[in-house]
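1. sequence first, predicted coordinates after that:
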Amino acid sequence: MKEKIMFLPDLLKGKRILVTGGGTGLGKIMTRRFMELGAEPIIVGRRENVLEETANELASETAGRISWRGLDIRDAEAVEAVVDNIWLDGPVDVLLNNAAGNFLARTETLSHRAVDAIIAIVLHGTSYMTLACGKRWIAEKHAGNVLSIVTTYAWTGSGYVVPSAMAKAGVLAMTRSLAVEWGRKGIRLNAIAPGPFPTKGAWDRLVPSKQMADHLESRIPLGRVGDNQELADLAAYLVCDGSAYINGEVVTIDGGEWIAGAGQFNFAAALSDDDWAKFSPPKK
Ligand code: HXC
């Protein structure tokens, strides 16, 4: 797909956007788009060498400003310390909860540590980050904006990724709950529910064979997986001031995948012209 930037280049000028898991995958792609639009992101993640490399790469590509801090969001004390440190340069304007963990497995094979590994990142880590920023915004009467990446199975559930589905459902509940509780304090919260967007990290874990990839693609009404830039543009819109009245919303970007699975008669897409001819009303 030909790359088109759909916004004016100063859309996010000067905005400080804290991105969890910003060193790789979709986090990196969204961070790049924010910088192209004038934002000054701070990326956090577990691997400092990866963060440093990404920050250098994006700074030279975009001629923009970016900083990074090593942080494991599962560690609540580390979250407080790092967010304190980030705040020394002034409050952030946006928190993007992007960091996640997931793998495909039959649920009866999971150990309790496997369950904890996913829920600790996705549910606990996301809540620690949101609380750390929210408390500071409220104390300083600073406007805040939290955008969280969930999935379409946050509301449908999904077999074989059960801890992820449980945790993402929790993040969605947090988003809607705090949109009301904190909306009155000038903080809005929204979520994006992406369908399949191929990144190496997610695809190695979740779609390990070509057969699975083909099956996944064949289920999507638009006939293709998402282009990562399409997700980045949606995120840019939801973090910019032009979307200031959107609060408590989850925007699905999946080519129609989840409703295709849900609609009772959507199986009829597989019928041939001959099949349809059999259903035609009898001629009078
Ligand atoms: C069963 C598994 C497993 C697997 C790990 N475990 N992988 N069990 N099947 N495939 C078990 C381990 O055996 C261990 O249990 C426990 O989980 C913890 O594993 P560790 O490797 O020690 O944990 P940790 O280092 O914390 O790693 C966390 C992780 C890892 C989630 C397992 O993959 C990770 O850090 N991922 C981050 C990046 C990521 O996952 N990105 C994809 C997100 S995509 P025992 O009992 O043996 O000690 C996404 C989008 C979804 O979320 C939408 C897609 C359409």
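-> That came through fine.
2. write out the residues of this structure neighbouring the ligand.
-> 100-103, 105, 109-111, 113-114, 117-118, 151, 164, 196, 201-202, 205-206 (C-beta under 6 Å from any ligand atom). All C-beta spots, glycine's among them, are computed from the backbone N, C-alpha and C.
3. ok, 8 Å please
-> Taking C-beta under 8 Å from any ligand atom as the contact definition, the chain meets the ligand at 21, 25, 46, 74, 99-105, 109-114, 116-118, 120-122, 149, 151, 153, 161, 164, 168, 194-197, 199, 201-202, 205-207.
4. what ranges do the helices span in this structure?
-> Along the chain, counting by DSSP state H, helices occupy 25-36, 48-62, 76-87, 112-119, 126-140, 153-156, 162-181, 200-206, 210-218, 228-239, 257-262, 273-279.
5. where does the prediction get shaky in the stretch 51-200 of the chain?
-> Of all residues in the stretch 51-200 of the chain, none has pLDDT under 70.
6. wait, Leu231 sits on Ala193?
-> No: counting by C-beta atoms under 8 Å, Leu231 stays clear of Ala193, with 10.6 Å between them.
7. now do the shared contacts for these two.
-> Shared contacts of Leu231 and Ala193, defined by C-beta atoms under 8 Å, 6 or more residues apart in numbering, comprise Ile253.
8. among the helices of the chain, which is the most enclosed?
-> Of all the helices of the chain, helix 25-36 has the most neighbours on average by mean count of other C-beta atoms under 10 Å, namely a mean of 24.
9. quick one, that helix and helix 48-62 angle?
-> Helix 25-36 and helix 48-62 are oriented at 40 degrees to each other (axes from the mean of the first three to the mean of the last three C-alpha atoms, to 10 degrees).
10. hmm, back to that, let's have the helices of the chain in a markdown table, adding distance to Ile42.
-> Converted to a markdown table, the helices of the chain look like this (distance: least, C-beta to C-beta, whole Å):
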| stretch | distance to Ile42 |
| --- | --- |
| helix 25-36 | 9 |
| helix 48-62 | 9 |
| helix 76-87 | 6 |
| helix 112-119 | 25 |
| helix 126-140 | 11 |
| helix 153-156 | 26 |
| helix 162-181 | 21 |
| helix 200-206 | 21 |
| helix 210-218 | 33 |
| helix 228-239 | 13 |
| helix 257-262 | 32 |
| helix 273-279 | 56 |
